[in-house]
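> Need a 3D model of the following:
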Amino acid sequence: MSDHLKYLSCFFYPACVAWFLYTGPHNATEALLWTIPLWFIILVDWLSPKIDPKKPKYIVADWYYDTILYALTFLQFLIISLLLIYASQLQWGSVQEVTTSIVNLIVLRILVGTTSGSSAIIVAHELIHRSKAHLRFLGRLLLYTVCYEHFVIAHIRGHHLSVATPEDIATARLDESFKSYWKRVIIGHFKYAWNSELERLGLTQTPIYNYKMLANSVFQGLLIEFTIVLVIVITFGWAAAVIFLYQALSGVRLLETINYYQHWGLEQGKLGNTLAWVNQSSFTEYALVGLSNHIEHHQNATVSFHEIPYSELGPKMPYGYFVTNLWVKLNNESYRRVCMRILKKYLQ
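Numbers count the residues shown, from 1 in each chain. Alright, predicted model coming up:
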């Protein structure tokens with residue numbers, strides 16, 4: 001299959017989630033069965049052939065790849081809309097209805113949270129690096145669907161300037177557990193973005209209620225996100241608001257899981273001549289629209305996903321991103337033990 005057609009694999013999972021939402025609500029058994037597509041893509045990623053670094057990419061017109069991003073953006077907005085409608089239709093009148101609704105909420109968190117993290121935020125990450133203002137704006141809109149708009153500042157002003165150094169918040173320390181990393185980064189990113197905006201506006205030595213605070217993009221983002229949640233509560237009810245926030249947390253947690261293993265243990269990276277771990281799964285590369293070519297992305301962040309070259313200049317990940325996401329969360333000690341061995345061998 002030609003390379004440009006392989007990128008269409010990115011639509012499989014969000015399309016399944018959209019169909020699940022459109023055909024719901026479901027009974028408890030049906031809802032649980034709808035998690036099968038997620039286990040399927042994890043299996044495909046595990047069995048995926050390795051990337052051939054010598055094989056040249058076949059690239060078609062830029063509009064084709066931009067259309068993929070636009071379509072994924074539309075799918076995310078559709079999914080969030082269907083999620084709210086779905087949650088508003090859940091019943092809470094009897095014990096059986098409560099049980100069914102709780103199962104549905106759990107499945108909604110798994111499915112929508114995963115597609116928000118593995119599709120929406122990844123597309124947002126691509127768009128916020130683009131030179132065109134409307135694409136960057138679209139990226140910010142996607143981040144509002146997971147209440148994480150301040151990621152733009154933390155990522156571009158912070159992570160990209162200090163990646164793979166001890167100063168970078170998003171670079172996991174050597175042998176750092178995901179639990180420790182998550183607590184550090186979820187607070188650290190917001191604090192960095194907030195302080196960065198205060199410094200930009202010259203508000204570090206002035207009262208926080210200064211009128212200039214209205215130009216603080218993090219403050220603006222918080223107001224917009226609060227308004228979104230308030231509108232959801234009024235329009236769709238408390239259950240919809242709860243699951244919206246829950247999927248947002250799940251999506252952000254997935255994003256930070258990716259950040260965790262992309263740079264795990266590479267604080268010395270710039271001195272060690274590497275910026276990230278190398279993904280070898282071809283399925284990961286196409287299903288996540290080039291995100292896994294992370295080393296070269298840091299070399300030139302403005303290059304579009306389909307043009308980013310593959311680099312082997314780093315330690316090799318044992319598995320693709322979908323498998324590693326699960327591994328990091330279910331058995332973090334095993335992940336760190338294996339990757340410590342790989343990293344030591346690479347640095348010899």
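> any low-confidence regions in the stretch 151-300 of the chain?
205-209, 269-273 (pLDDT under 70).
> What does the pLDDT read for the residue of the chain positioned farthest from its centre?
Largest separation from the mean C-alpha position in the chain: Ser94, at 36.7 Å (Cα atoms, centre = their mean). Listed pLDDT for Ser94 reads 94.
> quick one, phi/psi of it?
When read as degrees, to the nearest 10, the backbone of Ser94 gives phi -130, psi 170.
> who touches it in this structure?
Under the criterion of Cβ atoms under 8 Å, 6 or more residues apart in numbering, Ser94 has no contact partners. Where you see a C-beta, it was placed from the backbone N, CA and C, and this is true even at glycine.
> what's the answer for the one 10 residues further on, then?
By Cβ under 8 Å, 6+ apart, the residues touching Asn104 are Gly24, Pro25, His26, Ala28, Ala31, Tyr86, Leu90.
> give me that answer again for 10 Å
Asn104 sits next to 24-28, 30-32, 34, 86-87, 89-91, 239, 243 when contact means Cβ atoms under 10 Å, 6 or more residues apart in numbering.
> that older thread, measure the residue farthest from the centre of the chain to Arg341 for me?
54 Å (Cβ to Cβ, to the nearest Å).
> now do His189
30 Å.
> Would you mind telling me which of these two has more residues around it?
Between His189 and Arg341, counting by other Cβ atoms under 10 Å, His189 is the more crowded of the two (23 against 10).
> Is the more buried one in contact with Trp182, as I believe?
No: if you go by Cβ atoms under 10 Å, His189 and Trp182 don't touch, sitting 11.0 Å apart.
> Tell me the residues that contact both of these two, please.
In contact with both His189 and Trp182: Val252, Glu256, using Cβ under 10 Å, 6+ apart.
> picking that back up, the contacts of Asn104, buried ones only, as a PyMOL selection?
The buried residues among the contacts of Asn104 can be selected in PyMOL (16 or more other Cβ atoms under 10 Å) with this line:
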select buried, resi 24+25+26+28+30+31+34+86+87+90+239+243
